[in-house]
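Participant: Let's see this in three dimensions:
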Amino acid sequence: MDLDQPTVPLPGEVRMPLLGFGTWQIAGPAAADAVLAALDAGYRHIDTATMYGNEAEVGRAVAESGLRREDVFITTKLPPERVGRERETIEASLRALGVDCVDLWLVHWPPSNPADSIPVWREMLAARDEGLARAVGVSNYSTAQIDELIQSTEENPAVNQIRWSPFLYDRKRHREHRDRGIVLEGYSPFKTSDLADPVLTRIAAAHDVSPAQVVLRWHIDHETVVIPKSVTPDRIRANADVFEFSLTAEEMRDIDALASA
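Facilitator: All right, here's what the predicted structure looks like:
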């Protein structure tokens, strides 16, 4: 992957861009338009899921972008109710996306029956070993649920995608991921943030950027993957424009403290 923007390594010599474009609740032609706008703005990481119902539109946009397949990192997710149909589900995702493999396949939520957790994870690993996904991971899992997978299979999820923002910052949970070599990926960075908070507005003014851009940069400077979503071209571009500044150690500490303020 030829990139000017920062990435984080995953097992198997896979590199995941720290900035991605989220596509939850974006469907139909709007999804293809938004993904095309994102790729045009410089995003090289697109996040979708079986349950979003927009994999075909994501695939069409990637194809129409003119970018090489290896230069766009694609994540999709397995709905937990597809227990026992994992192979069928990833094959359907690949057909919809028009690709031979995804870069990352996640279990979208822990299965409702805890007894299904290990079998599902073994199927994810099998799909990776067969080349259907370059890396596999989980989403919305607790550290205890992750440890159960590791203890049973000796295979760590590459990524855990969870709701995350400065206002949800949990130093202990962040460290638990790092200690296990698991990349923390945050979703809903703005929905869970108060963009009018004086700490964010002060730091934004100091860098001549928006509070939203500060929130995204905070993730990146923590080496946490972040996937903002928007259907507005101007906002899509602004969210991608976070590589011309970085936060000081003091600013990072001030933002970290918002969770306990």
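
Participant: State the three-state secondary structure for residue 8.
Facilitator: strand (DSSP: H, G, I helix; E, B strand; the rest coil).

Participant: ok, it - contacts?
Facilitator: Listed by Cβ atoms under 8 Å, 6 or more residues apart in numbering, the contact partners of residue 8 are 15, 16, 18, 183, 223, 225. C-beta here means a position set from N, CA and C on the backbone, and glycine is covered the same way.

Participant: Quickly list what the first one is bridged to.
Facilitator: Beta-bridge partners recorded for residue 15 (DSSP bridges): residue 9.

Participant: you'd agree it is up against residue 9?
Facilitator: Yes - Residue 15 is within contact range of residue 9, at 5.9 Å (criterion: Cβ atoms under 8 Å).

Participant: what bridges to the residue lying closest to residue 108 once chain neighbours are set aside?
Facilitator: Spatially, and ignoring its direct neighbours in sequence, residue 108 is nearest to residue 77 (4.0 Å; Cβ to Cβ, 6 or more residues apart in numbering). Beta-bridge partners for residue 77, by DSSP bridges, are residue 106.

Participant: Would you agree residue 77 is in contact with residue 24?
Facilitator: No - applying Cβ under 8 Å, one finds residue 77 not in contact with residue 24, separated by 10.2 Å.

Participant: which neighbours do these two share?
Facilitator: residue 49.

Participant: Of the two, which one has the most company?
Facilitator: Looking at residue 77 and residue 24 with other Cβ atoms under 10 Å, you find the greater number of neighbours at residue 77, namely 25 against 15.

Participant: what does stretch 169-179 contact?
Facilitator: 143, 160, 183, 184, 222, 224, 255, 256, 258, 259.

Participant: Next, the buried residues of that stretch.
Facilitator: By neighbour count with 16 or more other Cβ atoms under 10 Å, stretch 169-179 contains the buried residues 169, 173, 174, 176, 177.

Participant: Kindly report the same for stretch 115-134.
Facilitator: Neighbour counts using 16+ other Cβ under 10 Å place 116, 117, 120, 121, 123, 124, 125, 127, 128, 132, 133, 134 of stretch 115-134 among the buried residues.

Participant: How about stretch 67-85?
Facilitator: If you call a residue buried by 16+ other Cβ under 10 Å, then stretch 67-85 has these buried ones: 72, 73, 74, 75, 76, 77, 78, 80, 82, 83.
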